[in-house]
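**Q** Coordinates for the following, if possible.
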Amino acid sequence: MNTLEIYPNPLFNKEKEMFSHYEIMSCADYKDANGNTFTEPFMSDSNKENIIGSVFYTIYGRQKDHGAECIGDFVTLDDARNILKKMGVI
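**A** Sure, this is the predicted structure:
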């Protein structure tokens, strides 16, 4: 069930600070043994008992040499893809 989709930015310009590509990642909020909560990529159903709520989809913008920046969280994969379509990425 893990999802990672990568789309190049069609408007990428090496001369300007901008995202070179976008990623959609399946994520979930988890609770550890001490009751602390944290968000991590959702990779398999094996940790499903530690999930708080349901799996969601996050769009990240990736900058060369600067890492990733979260753009937004979406309930469904289609919602995330529709945002990238509106941005002209896919």
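**Q** what's the single longest strand in this structure?
**A** strand 51-63 (DSSP state E).
**Q** got a list of contacts for stretch 79-90?
**A** By C-beta atoms under 8 Å, 6 or more residues apart in numbering, the surrounding residues in contact with stretch 79-90 are 5, 7-11, 22, 24, 57-59, 71-72, 74. Yep, even glycine has a C-beta here, placed from its N, CA and C like the rest.
**Q** buried ones in the longest strand of the chain?
**A** 55-62 (16 or more other C-beta atoms under 10 Å).
**Q** I'd like to know which elements the helix or strand bottoming out on mean pLDDT in the chain is packed against.
**A** Lowest by mean pLDDT, DSSP states H and E among the helices and strands of the chain is strand 4-8, with a mean of 79. Counting contacts by 3 or more C-beta pairs under 8 Å, 6 or more residues apart in numbering; DSSP states H and E, strand 4-8 is packed against strand 21-31.
**Q** Also compute the angle for the strand it packs on relative to strand 51-63, please.
**A** 150 degrees (axes from the mean of the first three to the mean of the last three C-alpha atoms, to 10 degrees).
**Q** Compute the number of surrounding residues for residue 44.
**A** 8 (other C-beta atoms under 10 Å).
**Q** quick one: low-confidence ranges for the chain?
**A** For the chain, residues meeting the criterion pLDDT under 70 lie at 1-3, 14-17, 45-47.
**Q** Can you add distance to residue 90 and give the contacts of stretch 79-90 back as a markdown table?
**A** Formatted as a markdown table, the contacts of stretch 79-90 follow (distance: C-beta to C-beta, whole Å):
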| residue | distance to residue 90 |
| --- | --- |
| 5 | 9 |
| 7 | 5 |
| 8 | 10 |
| 9 | 11 |
| 10 | 9 |
| 11 | 13 |
| 22 | 9 |
| 24 | 10 |
| 57 | 14 |
| 58 | 16 |
| 59 | 11 |
| 71 | 14 |
| 72 | 15 |
| 74 | 14 |
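**Q** which of those has the most neighbours?
**A** residue 59 (24 neighbours).
**Q** Quick check: nearest residue in space to that residue, chain neighbours excluded?
**A** residue 71 (4.3 Å; C-beta to C-beta, 6 or more residues apart in numbering).
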